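# Got a sequence here, can you build the structure:
(2 chains)
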Amino acid sequence: DAGVIQSPRHEVTEMGQEVTLRCKPISGHDYLFWYRQTMMRGLELLIYFNNNVPIDDSGMPEDRFSAKMPNASFSTLKIQPSEPRDSAVYFCASSLGSGNTIYFGEGSWLTVV
Amino acid sequence: QQPVQSPQAVILREGEDAVINCSSSKALYSVHWYRQKHGEAPVFLMILLKGGEQKGHEKISASFNEKKQQSSLYLTASQLSYSGTYFCGTEAGGTSYGKLTFGQGTILTVHP
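Modelled structure (predicted):
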């Protein structure tokens, strides 16, 4: 079985540029999560979807961040414009729902210079 | 609300035991435990649902005290491969069903 698939794995971009991170959840999973991990803040939940609908986006840092899930097999996290403090590892994860295992993708390592 | 883990770091010699604790201020529906190695994604260890059950996985087990909103992860006879950062993730009930919030992590280092 394919796990959660994220792209790109690594991205280096200049401040002010738009960044789009992509995620394909495990087939059949109704929940999709976007997490950000940094040394200072740990593993933060940015936003999560249930059946393609955003349920809680209270973790999205500011308006520069946006996330969409146009269908059950694809989600994007966009940062526009990017700033150096956005440098982090962004994980996408999916699950069958409450009380079930959450499976993480391998992460997208973002560096904004 | 982020769960609180303790201790922040543990250093062991191979064969020693360790306990990592996780506590929440919210009523919990489930607790999840993950281990993450440097440069890799978190890997699932086990999940505990409310009801106070204890689970085991080889030499790693965990308990969940629903009344105290606490969970503990027990690592016995530690091996070098146990080194990494351990995270608990908590799922509260009500409108937060399905949402997993992680603690700050416990760094475990096992030396030969």
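# before we move on, what SS does residue B:1 have?
Secondary structure state of residue B:1, per DSSP: H, G, I helix; E, B strand; the rest coil, is coil.
# Residue A:15 belongs to a helix, doesn't it?
No. Secondary structure of residue A:15 (three-state DSSP): coil, not part of a helix.
# correct me, but it touches residue A:85?
No. Using CB atoms under 8 Å, residue A:15 is not in contact with residue A:85, being 9.8 Å away. From N, CA and C alone the C-beta is placed, and that goes for glycine too.
# any common contacting residues for these two?
Common contact partners of residue A:15 and residue A:85 (CB atoms under 8 Å, 6 or more residues apart in numbering or on different chains): residue A:112.
# What is the burial count for residue A:76?
Residue A:76: 15 surrounding residues under other CB atoms under 10 Å in any protein chain shown.
# is it in a bridge, and if so with what?
Bridge pairing for residue A:76 (DSSP bridges) gives the partners residue A:22, residue A:68.
# separation between it and residue A:11?
Using CB to CB, to the nearest Å, residue A:76 is found at 13 Å from residue A:11.
# who touches both of the two?
Shared contacts of residue A:76 and residue A:11, defined by CB under 8 Å, 6+ apart, comprise residue A:21.
# who touches residue B:60 in this structure?
Residue B:60 sits next to B:45, B:46, B:73, B:74, B:75, B:76, B:82 when contact means CB under 8 Å, 6+ apart.
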